[in-house]
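Visitor: need a structure here:
(4 chains)
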Protein chains: 2
Amino acid sequence: MTKARTHVLEAVSSASEPLSARQLCDLFRDDHDQATIYRALHYLEGKGSVESFILHCDCHGTERYYVARAGAHRHWFHCERCHRFTDLGPCRFDDLIGNVSAEKRLAIRSHTFYATGLCGACQNSEVDATH
Amino acid sequence: MTKARTHVLEAVSSASEPLSARQLCDLFRDDHDQATIYRALHYLEGKGSVESFILHCDCHGTERYYVARAGAHRHWFHCERCHRFTDLGPCRFDDLIGNVSAEKRLAIRSHTFYATGLCGACQNSEVDATH
DNA sequence: TTCTATTTGCGAATCGTTCGCAAAAGATAC
DNA sequence: GTATCTTTTGCGAACGATTCGCAAATAGAA
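Guide: A predicted model of the protein is given here:
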């Protein structure tokens, strides 16, 4: 593993939320070019060390977010107000996906899920706020 | 409703699969500018007439796909080989989403799900194919 | 029908991401 | 450790999808 790939994997693995390519580019602004970051992410995803999903939010636009692939497949919630992610825990959709793939005769290889709305903290502050 | 918006809504409503902005631009190449198509889609989505999701496929890149909002929220499967969509039917995730939002104290306002893999037809042709 | 607000077409700009190429860094054999 | 070959990197330019700004065209209200 090269230095760039090691740096990117460490950053994604130690993060508590999905990180966007942009965040990683910012993080390593002085050390690596953005093309290198993108290439490292592709390499790591091909190797199975990280996985990603595309999410749009008003604040950050449409970006791909990366998480380390450790243990079970997980899904995430994204708060529309504070733009932080909440871990929804290990995937609970396996049974439903098994059912639907059998019904429709599909060989489902992967799936993407995420939820958006307001996190606990932001629900409270919305109540207070007068806007 | 203006002509452009009517055309776009009719196209999305009568399609049997999600349509990308690009497909709609191609379809109305002679009648409407692409900016108009995009603006019509935003308008219709804001009004609740259509909904969309972002999906990446090797063949068509990263694009937003639009479906009419008629009846229950639905999810889609996308075949990696023929790039056609299969309707997975009405959303079956409501209970699971209700559980997880209660557990994590989240106000989930929307969710996105899609699955990818091989459709029935493409599973068969993969068996035959020698590549 | 006239007036006003809204929408459209056009071209250029933007954003996230990827490319091509020459230089730098790794890996391999001696 | 050095020569050699392969892979990766940095840079800048290009790319595809989408959005912008503005003047002209159209829709809707009076």
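
Visitor: now do the same contact list for residue A:117.
Guide: By CB atoms under 8 Å, 6 or more residues apart in numbering or on different chains, the residues touching residue A:117 are A:77, A:79-80, B:101, B:106-110. (Each C-beta comes from the backbone N, C-alpha and C, glycine too.)

Visitor: residue B:119 versus that one, what's the distance?
Guide: Separation of residue A:117 from residue B:119 (CB to CB, to the nearest Å): 32 Å.

Visitor: go on, residue A:12?
Guide: In terms of CB to CB, residue A:12 sits 32 Å off from residue B:119.

Visitor: more neighbours: these two, which one.
Guide: More neighbours surround residue A:12 than the other of residue A:12 and residue B:119, with 24 against 21 (other CB atoms under 10 Å in any protein chain shown).

Visitor: how far does stretch A:109-116 sit from its chain's centre?
Guide: Counting by CA atoms, centre = their mean, to the nearest Å, stretch A:109-116 is centred 10 Å from the centre of its parent chain.

Visitor: I meant to write stretch A:35-43 there.
Guide: With CA atoms, centre = their mean, you get 16 Å for stretch A:35-43.

Visitor: pairing partners for the top strand by length along chain A, with directions?
Guide: Taking DSSP state E as the criterion, chain A has its longest strand at strand A:107-118. Strand pairing for strand A:107-118, using DSSP bridges, gives strand A:74-79 (parallel), strand B:107-118 (antiparallel).

Visitor: buried stuff in it?
Guide: A:107-108, A:111-118 (16 or more other CB atoms under 10 Å in any protein chain shown).

Visitor: just these now: which is nearest residue B:44?
Guide: Nearest to residue B:44 among the buried residues of strand A:107-118: residue A:116, at 19.7 Å, using CB to CB.

Visitor: alpha carbons only: can I get the helix or strand of chain A with the lowest mean pLDDT in CSV?
Guide: Using mean pLDDT, DSSP states H and E, helix A:120-128 stands out as the lowest-scoring helix or strand of chain A, at a mean of 86. Extracted in CSV, the C-alpha atoms of helix A:120-128 (Å, rounded to 0.1, in the frame of the first residue of the first chain):
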residue,chain,number,x,y,z
GLY,A,120,-32.9,14.3,17.7
ALA,A,121,-31.0,17.5,18.5
CYS,A,122,-32.4,19.3,15.4
GLN,A,123,-36.0,18.3,16.2
ASN,A,124,-35.7,20.1,19.5
SER,A,125,-34.2,23.3,18.1
GLU,A,126,-36.8,23.4,15.4
VAL,A,127,-39.5,23.5,18.1
ASP,A,128,-37.8,26.5,19.7
